[in-house]
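Visitor: Build the 3D model from these lines:
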Amino acid sequence: MQTPKPLQILISWPAGHLTATLDDTPTTHALVKALPLASTACTWGEEVYFDTGVAVPRETSAQQVVEPGTVAFWTDGDALALPYGPTPISRGEECRLASPCNVLGRLDGDPRLLATVRDGDPVRVELVDA
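Guide: Presented below is the predicted three-dimensional model:
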């Protein structure tokens, strides 16, 4: 029996790129159907987020405080949220999102690379071919 390959996406912006491994969730499936997508980056403290044009309900497992490098889907803004450090509402060093978000997976590599994303940068998300 073959184990299914993990689902990976590539997130790229003018100064760099990261891949992320996504879990098998309803939100992941909705996002993958919309790929490839191009958007404009917004920054909020040490978080990058951008509109995906995908609308999904909040999952019961949604979380507001996550680890740096979590790939989250902000259902209130139809956006992918990529925290790599504290946001304006964090307590201490935690990554606190604006509201509970659906957790999709984790960035592969150093999430601090997201510090090179500037507000207004073009962002592209595509599926990594297996």
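Visitor: Buried residues, stretch 34-48. List them.
Guide: Residues of stretch 34-48 classed as buried: 37, 39, 41-43, 46-48 (neighbour count, 16 or more other CB atoms under 10 Å). Where C-beta positions appear, they are placed from N, C-alpha and C, glycine not excepted.
Visitor: and the two most separated of those?
Guide: L37 and E46 (23.0 Å; CB to CB).
Visitor: if we can go back for a sec, between the buried residues of stretch 34-48, which is closest to T25?
Guide: Nearest to T25, judged by CB to CB, of the buried residues of stretch 34-48 is L37 at 17.6 Å.
Visitor: For D78, see how far away that closest one is.
Guide: 11 Å (CB to CB, to the nearest Å).
Visitor: and after the host helix or strand of L107, which helix or strand comes next?
Guide: L107 belongs to strand 95-108 when assigned by DSSP states H and E. Downstream of strand 95-108, the next assigned helix or strand under DSSP H and E is strand 122-127.
Visitor: quick one: strands adjacent to that following strand?
Guide: Take DSSP bridges as the rule and strand 122-127 pairs in its sheet with strand 7-13 (antiparallel), strand 37-40 (antiparallel).
Visitor: Report the distance from it to the chain centre.
Guide: The chain centroid and the centroid of strand 122-127 are separated by 11 Å under CA atoms, centre = their mean, to the nearest Å.
Visitor: Now that strand: buried residues?
Guide: For strand 122-127, burial by neighbour count (16+ other CB under 10 Å) applies to 123, 125.
Visitor: now what about it, what contacts it?
Guide: Contacts to strand 122-127, defined as CB atoms under 8 Å, 6 or more residues apart in numbering, come from residues 7-14, 32, 35-41, 48, 50, 52, 80, 117.
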